[in-house]
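*Asks:* Sequence plus predicted model, see below.
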Amino acid sequence: MENCYDKTMTELTALQTDITRLHTDAIVNAANCSLLGGGGVDGAIHHAAGPQLLAACRALGGCRTGEAKITPGFALPARYIIHTPGPVWHGGKQNEEMLLRSCYTCSLELARRYDIQRIAFPCISTGAYGFPHELAAKTALSTVKQFISRNPSAFNTIYFVCFLPIDWHIYQHLLEK
Ligand code: APR
């Protein structure tokens, strides 16, 4: 586990684990705009949370790329799930970076409204959506650091959950700096 304490004393930590197993206030789902499940981490979260999650998501009426919506965690150890559709990578000239930043910012703003102190992000958009791993990690970290510098007491711990070794190595390196 690699971590760093940003000057706001919010702990930023990289973990290499299955996000569905985390006992934390909220985990973030790399969803699609339908919010009706899929593969990857979305599929894993729906499988672990159970059928009540799909019913709850149906009631949300979808979500736009870069925005975020919240449900209970149901059978997950996490209390809440924040669903955010990331951008599909099309080469970087279609606002992909801005939309990915928005996923993190909207998820953190939503978490604040629910008094969530510990939140775990997967590597949004880096799987099926093809976002380059290093750029995604740099975007995620810079966005989160900007948010906590403006909201110093909002969060106790923010986890960056890496499922693949490539992401784990990238986040370890970036968090050591
Ligand atoms: N825990 C943590 N991370 C996971 C897990 C898991 N159980 N399973 C997969 N991941 C990682 C992947 O290895 C990748 O690093 O989540 C990251 C995001 O990959 P995807 O799940 O493919 O998400 P994304 O690239 O944002 O594509 C979203 O894929 O699953 C569909 O419904 C989803 O249409 C949406 C699209």
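*Replies:* Nice, I can see it. Numbering: from 1, shown residues only.
*Asks:* Got the phi and psi for the residue nearest the centre of the chain?
*Replies:* By CA atoms, centre = their mean, the mean C-alpha position of the chain lies nearest to Phe121, the distance being 2.8 Å. Per-residue torsions, Phe121: phi -100, psi 140 (degrees, to the nearest 10).
*Asks:* where's it relative to the ligand, distance?
*Replies:* Computed as CB to the nearest ligand atom, to the nearest Å, the Phe121 to the ligand distance reads 9 Å. (Glycine included, C-beta is placed from N, CA and C.)
*Asks:* so that residue touches Ser107, yeah?
*Replies:* Yes - assessed by CB atoms under 8 Å, Phe121 is found in contact with Ser107 at 7.2 Å.
*Asks:* Spell out the residue ranges of the strands in this protein.
*Replies:* Assigned by DSSP state E, the strands in the chain fall at 2-5, 11-16, 26-31, 69-72, 80-85, 118-121, 157-162.
*Asks:* what about the nearest residue to the residue nearest to the centre of the chain once chain neighbours are set aside, neighbour count?
*Replies:* Spatially, and ignoring its direct neighbours in sequence, Phe121 is nearest to Val28 (4.7 Å; CB to CB, 6 or more residues apart in numbering). By the criterion of other CB atoms under 10 Å, Val28 has 30 neighbours.
*Asks:* Run through the residues that contact Val28.
*Replies:* Residues counted as contacts of Val28 (CB atoms under 8 Å, 6 or more residues apart in numbering) are 68, 81-84, 107, 119-122, 124.
*Asks:* Torsion angles phi and psi at Ala154?
*Replies:* Main-chain dihedrals, Ala154, degrees, to the nearest 10: phi -70, psi -40.
*Asks:* How far off centre is stretch 79-90?
*Replies:* 7 Å (CA atoms, centre = their mean, to the nearest Å).
*Asks:* Mind checking if that stretch is in reach of the ligand?
*Replies:* Yes - Stretch 79-90 reaches the ligand (CB under 6 Å from any ligand atom) through Gly86.
*Asks:* still on that earlier bit, closest to Tyr171 out of the contacts of Val28?
*Replies:* Phe121 (10.4 Å; CB to CB).
*Asks:* residues contacting that closest one?
*Replies:* Residues in contact with Phe121 (CB under 8 Å, 6+ apart) are 28, 104, 107, 140, 144, 158-161.
*Asks:* restrict the residues you listed to those near the ligand?
*Replies:* Filtering the contacts of Phe121 for neighbours of the ligand using CB under 6 Å from any ligand atom leaves Val161.
*Asks:* I'd like the contacts of Phe121 written out as TSV, with distance to Val41 and pLDDT added.
*Replies:* Conversion of the contacts of Phe121 to TSV gives the following (distance: CB to CB, whole Å; pLDDT from 0 to 100):
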residue	distance to Val41	pLDDT
Val28	9	99
Tyr104	15	99
Ser107	14	99
Ala140	14	98
Val144	18	98
Ile158	17	98
Tyr159	13	98
Phe160	13	98
Val161	9	98
